[in-house]
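>>> Here is my input; please provide its structure:
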Amino acid sequence: MSFITDTIERCMKGLLPARLGVLYQHDPRPLPDVVIPNPPPFPAAAARISIVTPSFKQGHFIRRTINSILAQEYPNLEYVVQDGGSPDDTVAVLKSYGHRITSWVSETDQGQSDALNKGFAKTTGEIMAYLNSDDLLMPGSLAVVADHFARHPEVDAVYGHRFIIDEDDREVGRWVMPPHDDRILAYADYIPQETLFWRRSAWDKAGGRIDDSFRFAMDWDLILRLQDTGATIERLPFFLGAFRVHSAGKTTSIINEVGAKEMDRLRLRALGYAPDHHEINRVLRPYLAMATVLHHLDAYQDRR
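You can find the predicted model right below:
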């Protein structure tokens, strides 16, 4: 208890730096061998899970993304890859999987949001998600997600903790998420996109498509629309995915040019006005402090 008490006190005094929102947190190290100990068995009548991977010029990473999904061995998986006509070896990679991928196409599109809409239009699953072509699902993730949805019919969307990895699949950080807080979503989106799953019924109520006017914050827009329709959103206490940071990644390349404007647009829509940085920081401070406490508790468990 002394470690926990000390950690909480240091966080509240601002003596420990926030980890949520920070990508590079430490030197590269191997991912843990076991991420979800003893994942639950797949439900007897496993709901169909539809996952879409939008892709463009990620031939170097996409095989790792696909393998992370197929290795789940989920019995009722519908997996669609929507590639934007990549000139690299993406098509050769996709062809190598044969019928293990439900559907794939490589054709020009109008960007990530358009690719997602094209991909989701081909799906039928009760549970939906998308995984970008450089990110990963952690082993056991689909078992955890399917089990939770089966046992909690009142829940419409779930997400979990995230690892941050480099080009060589080495961990360079982690986000340990606090319990879900609807109020925080009006000010910032810390929900790890690669860990987000939702019910098709909630998707239909929220408009049934990705808003293709967004190039960066389409996931935040979707989550806000889910919330606006009364969807119940929960954080699961597991590392469900890994977000890759690399020089060609969209997050690092367009966040300043495009992302800031789209985030301001969503705050204005959610709040009715554009809060300044002081208000945003004030609202987020307790949430980020809780995330920092959980991060250090997670690190403490790793050391034991």
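>>> hey, where'd the helices end up in the stretch 201-304 of the chain?
Listed in chain order, the helices of the stretch 201-304 of the chain (DSSP state H, counting those that start in this stretch) span 218-228, 250-254, 260-271, 277-303.
>>> okay, those in a markdown table with distance to Asp181 next?
Where C-beta positions appear, they are placed from N, C-alpha and C, glycine not excepted. Shown next, in a markdown table, are these (distance: least, C-beta to C-beta, whole Å):
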| stretch | distance to Asp181 |
| --- | --- |
| helix 218-228 | 11 |
| helix 250-254 | 22 |
| helix 260-271 | 14 |
| helix 277-303 | 6 |
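>>> Going by mean pLDDT, which of the ones you listed comes out lowest?
Note on the helices of the stretch 201-304 of the chain: lowest mean pLDDT is at helix 250-254, with a mean of 56.
>>> Sketch out the low-pLDDT regions of the protein for me.
By pLDDT under 70, the low-scoring segments of the chain are 1-5, 7-15, 248-256, 300-304.
>>> Which single strand of it contains the most residues?
Taking DSSP state E as the criterion, the chain has its longest strand at strand 233-244.
>>> Go through that one and flag the buried ones.
Ile233, Glu234, Arg235, Leu236, Phe238, Phe239, Leu240, Gly241, Ala242, Phe243, Arg244 (16 or more other C-beta atoms under 10 Å).
>>> Indicate each strand paired with that strand and its parallel or antiparallel sense.
strand 136-137 (antiparallel), strand 157-165 (parallel) (DSSP bridges).
>>> Please identify the deepest-packed of the helices of the stretch 201-304 of the chain.
helix 218-228 (a mean of 21; mean count of other C-beta atoms under 10 Å).
>>> Okay, angle between that one and strand 233-244 too, please.
170 degrees (axes from the mean of the first three to the mean of the last three C-alpha atoms, to 10 degrees).
>>> Name the surrounding residues that touch helix 218-228.
112-113, 116, 156-157, 182, 185-186, 189, 191, 193, 196, 198, 202-203, 205-207, 210-212, 214, 233, 263, 266, 269-270 (C-beta atoms under 8 Å, 6 or more residues apart in numbering).
>>> now stretch 265-280
Leu185, Ala186, Tyr187, Ala188, Asp189, Ala217, Trp220, Asp221, Leu224, Asp264, Val283.
>>> do that again at 10 Å, thanks
183, 185-189, 213-214, 217, 220-221, 223-225, 227-228, 263-264, 281-283 (C-beta atoms under 10 Å, 6 or more residues apart in numbering).
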